[in-house]
Each structure stands twice: as C-alpha cells, then as structure tokens.
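1. When you get a sec, could you give me coordinates for this:
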Amino acid sequence: MRRITMGHMPAAPRMSEVRASEIARELYGVTAVAARLASEHDDTFRLSLGDGTSRFLRASAPDVATAGTGQAGTGQAGTGAAGTSLLTAILLHLARTAPSLPVQRVIPSLSGAAEVVVGEVAGADARLVRMTTFLPGRLLRDVPSSAGLRRDIGATLARLSLALRDFTHPAAHRTHRWDLQNTSQLRPLLDELPGLAHGLRGRLAAALDRFETVVRPALTDVPVQVIHTDFHGDNLLASDDGSAVRGVLDFGDSLIGPVAQDVAVATCYQLGADSAASDGGADLLAPALDVVAGYHAADPLRPADLPLIAELIAARLATRIIVSQWNAAREPANSAYLLRRTPQAIAQFDAVRAIPREAVIGRLRTAAGASSAAGTPRSAARTACSTPGPCTSPGARACTCTTGTATPISTPTTTFPPSGTATRASPRRSPARRPPSTCTPGT
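-> Purely as a prediction, here's the structure:
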C-alpha cells in the first residue's frame, strides 16, 4: 500500500512572466511575451511571438527521473531513461506512436534538449522547463455540451489509453493527492478543514470509510497502466463547432493506475443537473453515460470495470471537495481558481450518494452494452508481473517487473455491496502493486 505524506508544505514560489520570457529567449531562442495561465501547482504560460503564433511554456518541480541530471537530454520516451521526465516522455512517446492524437509536441531547446532544469537542481527554486506547441481552440468547459461531444470525450480517452498501453517510465510509479487509488488517505486533509459544515464533514468521512473497506480491497487485483488521471474540461479543447475533442492537455498528474480510474474521472465531469434518488439519477447520470459509451466503443471495458467506475466517480467527487479546499487554504492567492467548482462538486457528491450504487452500476452496464459484450477482450492483453518491483520491463501493461515474465491475467467479477467489504468470485495474484519503497509521494 502506498503512503502519502500530507503534512503542511509551503507553496512553491511562482515564476514570473518576465522570467518565463527570459527563459524562452535564452534557452529556446524564442522572443515572446509571456502571459500566465491558470494552473493548480505548475507555472504555465502562453508565449505570444511577434509573428502572431504562440508557444506553451511549463515550469514544474523536477521529478525523480530528472532530479540530479542538470540539463535534461532528449532520451528515449518510454524507456525510463534518466534525464527525461515523465510528462516529456509521454509527449515524445505519443508523437512517435499515436501522431493523430491531438496533444502538444515538444520543442527542443537551443542545445537540442527536450527539457531543461533551471536553477540549482537540488534547490527549492529548481524548475523543469519544457516548451511545446500551443494548441488552439476553446476549453471544453466553455463549450455547450452535446451527446456527440461527450461520446467523443470517451473515444478520445480510449485512443489515449491504447496509445499508452505499452508505455512505461520510472516516475510513473508515484502517487499524489488526486490519485483515486489512495482516496482514503485524504483523511488528514479532511481533519485540517475546520470550516466545513458538520454534516458535509460526516458525509465525506463516510465516503473515505467506504473506500477503505470496499474499494481498496478490489483495487489490489486490478490491472493497471499509465493513465492521464485528469481528463476533464479544463484539460480538453473542443473543435470550432463544439462537436469533437481537438486537444488533450496537461499530463502532469499522470501515473500508473486502472483504466477505470481515467474513465471515472472523465465521467465525473460530465454529470448533469442534481437529481433526486427517486428517479434513479436519470438527469444526473444520463450525460455522463455518453462518455462511458464512447470509451467502450473504442476500447471495450471489462465487466469488472463498471462497479469500479461507479465507486471511483463518488471518490473523485469527494477528492475534489477535500483537496481543492485544502489547496486553497495553503495558497490563498490562487483560491478563486482552486475553488471554482467546489459548490458544484458538493451538490453532485450528495446527489451521487443518494442513488443506490447498484442503480449506478446498472446504468453503466446499459451504456457500455456490458450484457452483450461480457468477455470481450481488450485490443491489448492486460498483464501482471511474476516478480514485482520498480518497473523496467517495456511493453507490459502496468508491469512493475525487475525480473520474471509478464503473464496474462484473468479478471473475476467483483461485487461492491451497499456497505461492508467487497467480495470476489475467486482469488488471484496481484498485478504488481508497488511496494512503498518504490513510490514517490506527489504534491
């Protein structure tokens, strides 16, 4: 089980727009005016060049794969080569293996590096800087929703999942506060939010209890791979007519996890208006189910994925409430951005809790056509490692092998009861859950 250190941590100092422009000129030969873009932790900028074009600059804390290397090299994406961070490696991998996916492309520095560490590598001011293309388009959150657009959200996520299925990187073996695999470990953050209404605090605590007793045991045996983890309207761009996804942004929270987690996150942000439990949650769930249908059509979900998606939708809503408020208390100057959707999350959290979980699972089955597609294999077999350890074996889905062979695994049905502990039809080996020593706490 991975542990997250959740103590008080000072917010990292923000990079100024002037400094971003200097970095663009000195390290990339790009003369531009930098304008800050809203971001939870990293410093992100739109660089406007004199010819009317734009670039994107991102500065973040160096991850484990890059720390200590000074200036990062281009490396081989997907190999876990030291010197290429996880985010950069993902972009390079997708450029090679899935060029039709609408993601940013890495622009090398004047020295040819895919990314550069600025400042003292071991110092608090160290920043890993990368420049990429700037994808035009409107953020999906600002576009009127439609069934076709929501299905394309699911289909685009499925294409991304397939493209990342054979990707691995040492820094992907990490966790952070938005990682739904560790939802119950948000309790220390909940305890640090004295301003919460008593009733809401109790409901969130109950959600964390359910995760610990019901969901965590089921996650032990779930196949995993590198996933996006943050597939929502702030990180997606829409086409001019608002009918399709035309850009996927921000792989900064990517890590190794179950596909169901990515689908649950994408689904969570397409929930509809609040709905009473008496109507089965039709208004609340109906638009979100389009995402599931779109995903399933491109990368068939396993029957066992659907109960997990139902649980992780609720977990994501609880996480949005707890983490956003904790981050806002830690960084008051950015609180407007961090809390912009908290009222919506609270309303949807209560609405989802009011719907019997079995009803949610039934709606997911209908959306995915699970009754007729049961047993449909994915296009790439999910695998488990015979010997767990830090992931160095390329090509295996969610492999954390140091030695041994990646072998196909079968997936039993997992039943999520209304309360209590999940029961599995039959036991099986764990597909390489990482031991604590191999994990890097996120921020």
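
2. would you list every one of the helices in the chain?
-> With helices called from DSSP state H, the chain shows them at 17-28, 86-97, 147-164, 187-191, 198-210, 216-219, 259-268, 282-298, 305-330, 335-338, 342-354, 357-368, 370-373.

3. Most tightly packed of those?
-> The highest mean neighbour count among these, using mean count of other C-beta atoms under 10 Å, belongs to helix 259-268: a mean of 28. For every residue, glycine as well, the C-beta is placed using N, CA and C.

4. Mind checking the pLDDT average for that one?
-> Mean per-residue pLDDT for helix 259-268: 98.

5. ok, the residue nearest to L87 when sequence neighbours are not counted to A329 distance?
-> Of all residues not flanking L87 in the chain, F251 sits nearest, at 5.0 Å (C-beta to C-beta, 6 or more residues apart in numbering). Distance from F251 to A329, counting by C-beta to C-beta, to the nearest Å: 27 Å.

6. what's the answer for L37, then?
-> If you go by C-beta to C-beta, the gap between L37 and A329 works out to 23 Å.

7. Can you give me the neighbour number for D221?
-> Applying other C-beta atoms under 10 Å, we find 19 residues neighbouring D221.

8. Distance-wise, check it relative to L101.
-> The gap separating D221 from L101 is 30 Å, by C-beta to C-beta.

9. Contacts only, for the residue nearest to L87.
-> F251 makes contact with L86, L87, I90, L91, H228, according to C-beta atoms under 8 Å, 6 or more residues apart in numbering.

10. could you measure it against V222, distance?
-> 21 Å.

11. wait, what's in contact with the nearest residue to D230 once chain neighbours are set aside?
-> Nearest non-adjacent residue to D230, counting by C-beta to C-beta, 6+ apart: D253, 4.6 Å away. Contacts for D253 (C-beta under 8 Å, 6+ apart) come out as H176, W178, D179, H228, T229, D230, G442.

12. Look up the pLDDT of D253 for me, please.
-> Looking at D253, its pLDDT is 93.

13. again, but for Q225
-> For Q225, the pLDDT comes out at 97.

14. Which strand residues bridge it?
-> For Q225, the beta-bridge partners are G257 (DSSP bridges).

15. looking at it, it is touching V259, isn't it?
-> Yes. At 6.8 Å, Q225 and V259 qualify as touching, with contact defined as C-beta atoms under 8 Å.

16. Identify the contacts common to these two.
-> S161.

17. Name the nearest residue to D299, sequence neighbours excluded.
-> Closest residue in space to D299, ignoring its immediate chain neighbours: A158 at 3.8 Å, by C-beta to C-beta, 6+ apart.

18. And for H232?
-> Y269 (3.8 Å).

19. Report whether the expected contact of that neighbour with D230 is present.
-> No. Y269 lies out of contact with D230 (C-beta under 8 Å); the separation is 9.6 Å.

20. More neighbours: which of those two?
-> Y269 (26 against 20).

21. ok, that one to L37 distance?
-> For Y269, the distance to L37 equals 19 Å [C-beta to C-beta].

22. A147 touches D290, doesn't it?
-> Yes. In this structure, A147 is within contact of D290 by C-beta under 8 Å, at 5.1 Å.

23. circling back to that earlier point, enumerate every residue touching the residue nearest to H232.
-> Taking C-beta under 8 Å, 6+ apart, one finds F231, H232, G233 in contact with Y269.

24. neighbours around the last one, how many?
-> Around G233 sit 18 other residues, with neighbours defined as other C-beta under 10 Å.

25. Report pLDDT for the residue lying closest to it once chain neighbours are set aside.
-> Distances taken as C-beta to C-beta, 6+ apart place R141 nearest to G233, at 3.2 Å, with adjacent residues excluded. Looking at R141, its pLDDT reads 89.

26. how deep is R141 tucked in, by neighbour count?
-> Around R141 there are 15 residues (other C-beta under 10 Å).

27. Distance-wise, check it relative to G369.
-> In this view, R141 and G369 are 29 Å apart by C-beta to C-beta.

28. repeat for F167
-> Note on F167: its distance to G369, by C-beta to C-beta, is 28 Å.

29. Those two: which has the busier surroundings?
-> Using other C-beta under 10 Å, the more surrounded residue of F167 and G369 is F167, with 23 against 16.

30. wait, doesn't the more buried one sit right on I227?
-> No. Using C-beta under 8 Å, F167 makes no contact with I227, being 10.4 Å away.
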